[in-house]
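Trainee: with the sequence up front, the predicted model follows.
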Amino acid sequence: MPDLNALIVFAKVIEARSFSEAARRLKMPVSTVSRRVADLEDQLGTRLLERSTRALRLTDVGSDVLEHAIRISEISEALDGHVSNQLSRVAGTLRLSAPPSISDSLLTPLVGAFQASYPDVRVQILITERKIDHIADGVDLAFHVGPMRDSSLVVRRILTYRHQLVASPAYIASRPPPRRPQDLLDHRILAFSHWQPENHWAFSHVNGQDQESISFLPHVGINDFSGVISGVLAGQGVGDLPPIVQPDLMRDGRLVEIMPDWRFPVFDLSLLHLGNRRLQHPVRLFKDFTYRMAPTIFPDLPI
């Protein structure tokens with residue numbers, strides 16, 4: 001089968017009426033243009049051009065081949081133009097999934113800024129804690145917190161942070177603050193929990209050596225950080241809070257970090273997608289956009 005690229009080069013040589021002019025238009029060396037035409041002649045087993053120092057003349061077979069080569073060149077240019085137009089005008093539907101509690105602080109500014117640049121992209125977001133089936137759920141990109149063990153997925157880390165132990169100023173003023181993890185057992189604890197009979201928190205000291213952990217039954221256990229926040233703001237106890245969930249509460253002083261020398265483990269927030277299929281253009285753009293923009297939304301995360 002003839003090399004289609006060689007046919008396109010052949011058509012350009014005849015259109016330009018010289019190898020050098022064709023090379024200039026194709027932005028390739030003259031030697032490459034000459035070799036492509038010679039290779040095409042070898043593949044077809046016949047001469048297509050009679051060359052002289054002054055002109056090029058098509059052979060009879062060359063005239064027949066040229067008709068096909070021109071059609072192939074026109075199709076190639078049309079495809080290039082179509083793809084270029086599609087890439088310059090980004091449109092389509094982007095389907096995301098994310099865990100609860102980050103829609104207002106992370107997803108809303110991300111999606112808003114992305115659509116400001118690409119207004120023809122529509123975004124659908126599934127908020128859920130369950131494991132996503134990218135195919136069955138129709139999800140392009142999934143935000144995921146923590147390690148990922150599914151080797152069929154591509155993982156791109158977006159943010160790294162640790163939870164903070166927080167309380168309201170009113171709660172802290174009402175009783176002695178905890179100094180170490182064991183002291184928390186004398187306090188009301190509000191925890192993110194999945195119906196567990198017992199919760200477990202592990203801490204590392206900033207000195208890099210000491211570690212402590214506690215097991216407890218929370219006074220309020222709820223699988224939604226918004227619920228934990230409401231209780232802590234109301235002075236009902238202490239709770240752990242990811243810094244990407246309603247960060248204005250810490251900035252405004254409505255919540256304060258307690259026991260800051262004892263720290264929770266570090267987590268990664270990542271974007272996941274299937275590794276066995278090509279990403280559509282809007283999906284690839286949003287993935288790269290999120291990687292660049294998310295750290296600007298949260299520039300000083302505790303780690």
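Mentor: Structure received. Only a predicted model underlies this, so the values are computations on that prediction, with no experimental measurement involved.
Trainee: what's the local residue count around residue 291?
Mentor: Counted with other C-beta atoms under 10 Å, residues neighbouring residue 291 total 14. All C-beta spots, glycine's among them, are computed from the backbone N, C-alpha and C.
Trainee: check the offset of stretch 17-27 from the chain's centre.
Mentor: 42 Å (C-alpha atoms, centre = their mean, to the nearest Å).
Trainee: and for stretch 136-146?
Mentor: 11 Å.
Trainee: quick one, what contacts the most centrally placed residue in the chain?
Mentor: By C-alpha atoms, centre = their mean, the chain has its centre lying nearest to residue 287, at 2.4 Å. Neighbour list for residue 287: 141, 156, 271, 273, 279 [criterion: C-beta atoms under 8 Å, 6 or more residues apart in numbering].
Trainee: how about a cut-off of 10 Å?
Mentor: 94, 140, 141, 154, 156, 158, 271, 273, 279 (C-beta atoms under 10 Å, 6 or more residues apart in numbering).
Trainee: now do residue 58
Mentor: Residue 58 touches 14, 47, 48, 49, 50, 64, 65, 66, counting by C-beta under 10 Å, 6+ apart.
Trainee: from residue 272, how far out is it?
Mentor: 56 Å (C-beta to C-beta, to the nearest Å).
Trainee: tell me the phi and psi of the residue nearest to residue 128 when sequence neighbours are not counted?
Mentor: With C-beta to C-beta, 6 or more residues apart in numbering as the criterion, residue 128 has its nearest non-adjacent residue at 6.2 Å, and that residue is residue 97. The phi and psi values for residue 97, taken as degrees, to the nearest 10, are phi -130, psi 150.
Trainee: how close does residue 259 sit to residue 57?
Mentor: 89 Å.
Trainee: if you count surrounding residues, which of the two has more?
Mentor: Set side by side, residue 259 and residue 57 show more neighbours around residue 259, with 19 against 10, by other C-beta under 10 Å.
Trainee: checking that one next. Helix, strand or coil?
Mentor: coil (DSSP: H, G, I helix; E, B strand; the rest coil).
Trainee: for it, what are its contacts?
Mentor: Counted by C-beta under 10 Å, 6+ apart, residue 259 has contacts 164-167, 177-181, 183-184, 203, 238.
Trainee: surely residue 177 touches residue 183?
Mentor: Yes. Contact criterion C-beta atoms under 10 Å: residue 177 and residue 183 qualify, at 8.2 Å.
Trainee: what touches both of these two?
Mentor: 258, 259.
Trainee: low-confidence regions, this structure specifically.
Mentor: Confidence mapping of the chain against pLDDT under 70 gives the ranges 1-2, 53, 80-88, 276.
Trainee: same thing but at 80, please
Mentor: By pLDDT under 80, the weakly predicted segments of the chain are 1-3, 51-55, 74-89, 148-152, 195-197, 276-278.
Trainee: please identify the buried residues of stretch 246-257?
Mentor: 246, 247, 249, 250, 255, 256 (16 or more other C-beta atoms under 10 Å).
Trainee: and of those residues, the nearest to residue 117?
Mentor: Nearest to residue 117, judged by C-beta to C-beta, of the buried residues of stretch 246-257 is residue 247 at 24.0 Å.
Trainee: wait, what's in contact with the closest one?
Mentor: 105, 106, 241, 255, 297, 298, 300, 301.
Trainee: for the nearest residue to the second one once chain neighbours are set aside, which three-state class applies?
Mentor: Setting aside the residues directly before and after it, residue 106 is nearest to residue 244 in space (C-beta to C-beta, 6+ apart), at 5.7 Å. Of the three states, residue 244 takes coil according to three-state DSSP.
Trainee: for residue 244, grab the count of nearby residues.
Mentor: 21.
Trainee: repeat that for residue 56.
Mentor: 18.
Trainee: so the nearest residue to it once chain neighbours are set aside bridges to which residues?
Mentor: In space, and not counting its chain neighbours, residue 56 is closest to residue 49: 5.4 Å by C-beta to C-beta, 6+ apart. Beta bridges link residue 49 to residue 58, judged by DSSP bridges.
Trainee: what sits against residue 49?
Mentor: 10, 13-14, 19, 37-38, 40-41, 56-59, 62, 66.
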